[in-house]
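Asker: Curious how this folds, go ahead:
(one chain, ligands or ions: 1)
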Amino acid sequence: MNILVLNGPNLNLLGTREPSIYGHTTLPDIEAACIAHGKTLGLAVSCAQSNHEGALVDHLHAARGMMAGVVLNAGAYTHTSVALRDAITACALPVVELHLSNTHAREAFRHVSLIAPVCIGVIQGFGARGYPLALSALHGHLRGDTA
Ligand code: DQA
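Answerer: Numbers count the residues shown, from 1 in each chain. Predicted coordinates for the structure are as follows:
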């Protein structure tokens, strides 16, 4: 099964961007870990990142029919983007929302996610370790695990 791990704005700067919040792991490290963890689950993981809302929408459109599911860290667009929410619905794929930080422990404007209602679940607050957790959760969902 093909899985897309899609990262949004400013996540290309992981490792040096506010490490007290987001940690020291870089995006290439995260992507390599996703590919390696995917292999252990029998998933073929592709990774993409963009700082542009429309490009993220394009990635979701391209995933439609090609991927079995998506792990999405939409960054700040999580809190603002109706377009991304609509693209998640339009691509008709199971999407796991992911955040490195616990957004509920941060500023009030980060407490609202426009995309959460159209995702199958949310993993947040576990730093870079959240990505393999999200892949395992998506894998379980795709297998129909109920536990
Ligand atoms: C983030 C949380 C968002 O609020 C923020 O805008 C980000 C990163 C996270 O992974 O914790 O860019 O999605």
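Asker: Run a quick neighbour tally on residue 116.
Answerer: As a burial measure, residue 116 scores 12 neighbours (other C-beta atoms under 10 Å). All C-beta spots, glycine's among them, are computed from the backbone N, C-alpha and C.
Asker: Which pLDDT does the model give it?
Answerer: Note on residue 116: pLDDT of 98.
Asker: how about the residues of this structure near the ligand?
Answerer: Counting by C-beta under 6 Å from any ligand atom, the chain comes close to the ligand at 10, 73, 75-76, 78, 99-101, 103, 110.
Asker: Try it again at 8 Å.
Answerer: Counting by C-beta under 8 Å from any ligand atom, the chain comes close to the ligand at 8-11, 21-22, 73-76, 78-79, 98-103, 106, 110, 124.
Asker: Which members of those occur in helices, if any?
Answerer: 21-22 (DSSP state H).
Asker: Put the buried members of the residues of the chain next to the ligand into a ChimeraX selection.
Answerer: Selection of buried members from these for ChimeraX, criterion 16 or more other C-beta atoms under 10 Å:
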select :8,9,11,22,73,74,75,78,79,98,99,100,101,103,110,124
